[in-house]
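Student: Model the following, please.
(one chain, ligands or ions: 2)
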Amino acid sequence: MKKQFPQALTIAGSDSGGGAGMQADLKTMQMRHVFGASVVVAVTAQNTRGVNDAFTLPKTIIDEQFEAIADDLAIKAVKSGMLANSDTVRTVAKNLRKFNFGPYILDPVMVAKGGAHLLTDDAVATVKQELLPLASLVTPNLPEAEVLTGITIKDQGAMRVAAEKLQTLGAKNVLVKGGHLDTETAASDYVLLADGTDFWLSGPRFETINTHGTGDTISACIAAEIAKGTDLKSAIQIGKAYVTATIRDGILVGHGHGPLNHWAV
Ligand SMILES: Nc1ncnc2c1ncn2[C@@H]1O[C@H](COP(=O)(O)OP(=O)(O)O)[C@@H](O)[C@H]1O
Ligand SMILES: Cc1ncc(COP(=O)(O)O)c(N)n1
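Tutor: Ligands and ions are numbered 1, 2, ... in the order given. Sure thing, here's the model as predicted:
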């Protein structure tokens, strides 16, 4: 008897260094026992030191990847990461409306840890217009939440206000990641659910520069759990526990902002 696994999809950019982007997503899905499929929208020449170059794929091959997946697989949850520019955002939105891939998790990736721009400035408005209303869950880090809401976020109070604003912009459920907050001991993320309930996810903060791919990993883990049928609140909690373990049990790869340990449990 052949074993069946739930199937999930990542729409993202490729990180040649293997630590972030769709490589982090697929490694995460594999570790969560979910079969991961991928729509590549951009290719980056990247390692743990930074992004050297990026190339966005033509619209036709992006459309064809969606067609091929929809034609054959049974995707139960989908996430997006790096989307590069406004045209790509529109292409992705069109395909998400066309096909039913289940709940959609929008990780509004804008800038890599090394400072490289992974989304053009003018595409932010397109993300707000086209993708936020489609998202079951949006997972910005603090700089991304600031850009999307126009709110300056320096403390936990502002994280709550930004989450509420994201709901008014059309997102159903919101996870504001607090990795960039200037705190010494805790890495706390704020969750605001569609029904108005909210909670904090608190984890220990590790003193490390090996955090390449943390945002990709937590959102891919949440998508994987949702593909399995886990409820959203539990999926978010599992995502936080998984990303915490992958940072805690760091591995030695490269010479810059090293990747996570996706084998961690
Ligand atoms: N040094 C750290 N120690 C523990 N958890 C961290 C650390 N840095 C980030 N995290 C956690 O990793 C996840 C991704 O966070 P964040 O860095 O804010 O996102 P992004 O990778 O999108 O910039 C969040 O759950 C955050 O709390
Ligand atoms: C192709 C690609 N996608 C996403 C990220 C964000 O990575 P991080 O989670 O470290 O901010 C990245 N550096 N490269």
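Student: drop to CA atoms for contacts and neighbour counts, all remaining ones
Tutor: OK.
Student: Show me what from the protein comes close to ligand 2.
Tutor: Those residues of the chain that sit near ligand 2, judged by Cα under 6 Å from any ligand atom, are 13-15, 20-21, 44, 81-82, 112-113, 212-216.
Student: So which of these sit within helices?
Tutor: When the residues of the chain next to ligand 2 are checked against helices (DSSP state H), the matches are 21, 214-216.
Student: ok, back up a step: of the residues of the chain next to ligand 2, which is the most crowded?
Tutor: Most neighbours among those, by other Cα atoms under 10 Å: Gly21, with 32 neighbours.
Student: residue ranges for the strands of the stretch 101-250 of the chain, please.
Tutor: For the stretch 101-250 of the chain, the strands defined by DSSP state E, counting those that start in this stretch cover 104-106, 137-138, 173-176, 186-192, 198-204.
Student: Tell me which of those is the most buried.
Tutor: Neighbour counts (mean count of other Cα atoms under 10 Å) averaged over each of the strands of the stretch 101-250 of the chain peak at strand 137-138, with a mean of 29.
Student: who does it pair up with?
Tutor: Looking at strand 137-138 with DSSP bridges, its partner strands are strand 104-106 (parallel), strand 173-176 (parallel).
Student: how about the residues of the stretch 151-265 of the chain near ligand 1?
Tutor: Residues of the stretch 151-265 of the chain lying near ligand 1 (Cα under 6 Å from any ligand atom): 177-180, 187-189, 204-208, 213-215, 240, 243-244.
Student: The same query, at a cut-off of 8 Å, please.
Tutor: 176-181, 186-189, 201-209, 211-218, 239-240, 243-244, 247-248 (Cα under 8 Å from any ligand atom).
Student: just the stretch 1-150 of the chain next, same as before
Tutor: For the stretch 1-150 of the chain, the contact set with ligand 1 under Cα under 8 Å from any ligand atom comprises 107, 109, 112-113, 139-142.
Student: Contacts only, for the closest residue to Gly81 other than its chain neighbours.
Tutor: The shortest distance from Gly81 to any non-neighbouring residue, by Cα to Cα, 6 or more residues apart in numbering, is to Ala12 (4.7 Å). Residues near Ala12 by Cα atoms under 8 Å, 6 or more residues apart in numbering: 21-22, 38-42, 80-83.
Student: Export those to CSV and append columns for pLDDT and distance to Gln4.
Tutor: What follows is the contacts of Ala12, written out as CSV (pLDDT from 0 to 100; distance: Cα to Cα, whole Å):
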residue, pLDDT, distance to Gln4
Gly21, 98, 26
Met22, 98, 23
Ser38, 99, 18
Val39, 99, 22
Val40, 98, 25
Val41, 98, 28
Ala42, 98, 30
Ser80, 99, 24
Gly81, 98, 26
Met82, 98, 29
Leu83, 98, 30
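Student: quick one: which of the residues you listed sit in strands?
Tutor: Per DSSP state E, strands hold the following members of the contacts of Ala12: 38-42, 80.
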